[in-house]
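Novice: Sharing a model that was predicted from the sequence below.
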Amino acid sequence: MEIIIKPIVTEKVTKLTDKLNRYAFKVNKDANKLQISQAVEKMYNVTVEAVNTLNHKGKNKSRFTKSGIVSGKTSDYKKAVVTLKEGDTIDYYSNI
């Protein structure tokens, strides 16, 4: 089971990173805080102090087309906000 799906890089998360040394990741729905912490430590070689998780529900979407209304739903996902030890950082772009 892959724990970390991808990092979340938005303006809001970037502000959290600059001020509080927190990073956000999209994670597997079944993962708990301990598994997330271990996965981040193993992947990025950092020390994790705290993990906060949020479950996002998908939104209902609809659009109007020539053939009528097309309805759908965005997917649900789980987000983890990880606080690192002072002095540790994560560089997402080092592997590019």
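Specialist: That came in fine, so what should we check first?

Novice: quick one: the closest residue to Val9 other than its chain neighbours and Leu20, what's the gap?
Specialist: Take Val9 and drop its neighbours on the chain: the residue closest to it by Cβ to Cβ, 6 or more residues apart in numbering is Tyr92, 6.7 Å away. (Glycine included, C-beta is placed from N, CA and C.) Noted for Tyr92: a distance of 17 Å to Leu20, by Cβ to Cβ, to the nearest Å.

Novice: The residue nearest to Val9 contacts Lys6, correct?
Specialist: No: in this structure, Tyr92 is not within contact of Lys6 by Cβ atoms under 8 Å, at 9.6 Å.

Novice: Provide the partner residues of the spatially most central residue of the chain in its beta bridges.
Specialist: Nearest to the mean C-alpha position of the chain, by Cα atoms, centre = their mean, lies Phe25 at 2.0 Å. Bridge pairing for Phe25 (DSSP bridges) gives the partners Pro7, Ala80.

Novice: Just the buried positions in the helix ranked longest in the chain, please.
Specialist: Ranked by residue count, the top helix of the chain under DSSP state H comes out as helix 33-44. The neighbour-count check on helix 33-44 (16 or more other Cβ atoms under 10 Å) flags 35-37, 39-40, 44 as buried.
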